[in-house]
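>>> pasting the sequence and the predicted model now:
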Amino acid sequence: MHPLKTICLASWLGLLGFQCSLLLPKLQVSYFWSLPLIALLLIPAKGLLADRLYTYRWIGFLTLLYFCVGISELVANPELRVYGFGTTIVSLLLFLSTIYYARLLGSRGDP
């Protein structure tokens, strides 16, 4: 497995983990926002595991939403600073790794 793919999958799982941490009972976060954030991350799972170029191209755009959520929670909500910081870092890592891995897949001529 290519190291960039490993970083992509690890950061995707990390982002999914941070989103699932919103469901912890002590955080008192509304399910109205946390469940769609989790469900949205599950959509590209099949394409990531199948190594589809198209999935790696559009997941970069998807991570920008999580970057914005992470930055806003980092600044606005003191209770969720750890969540905001983690979401920001992992989404940035996912964004960069998917962009470069999509470029690598495209240069190899994979569909």
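Okay, I see it. Numbers count the residues shown, from 1 in each chain.

>>> wait, isn't residue 97 in contact with residue 8?
Yes. With contact defined as CB atoms under 8 Å, residue 97 counts as touching residue 8 (4.6 Å). (Each C-beta comes from the backbone N, C-alpha and C, glycine too.)

>>> for stretch 38-53, which outside residues touch it?
Contact with stretch 38-53 is made by 5, 8-9, 12, 15-16, 19-20, 22-23, 54-56, 58-59, 62, 65-66, 102, 105-106, 110-111, as judged by CB atoms under 8 Å, 6 or more residues apart in numbering.

>>> list only buried entries from these.
Among those, those buried by neighbour count (16 or more other CB atoms under 10 Å) are 5, 8-9, 12, 15-16, 19, 22, 55-56, 59, 62, 66, 102, 105.

>>> for this structure, what are the low-confidence residue spans?
27, 109-111 (pLDDT under 70).

>>> so where do the helices sit in it?
Under the criterion DSSP state H, the chain contains helices at 3-20, 31-42, 45-50, 53-76, 81-108.

>>> about what we covered before: of the buried ones among the contacts of stretch 38-53, closest to residue 86?
residue 15 (8.7 Å; CB to CB).

>>> burial count for the nearest residue to the closest one once chain neighbours are set aside?
Sequence neighbours aside, residue 90 is the residue nearest to residue 15 in space, at 4.7 Å (criterion: CB to CB, 6 or more residues apart in numbering). Residue 90 has 24 neighbours, counted by other CB atoms under 10 Å.

>>> and residue 11, by the same measure?
There are 21 residues near residue 11, going by other CB under 10 Å.
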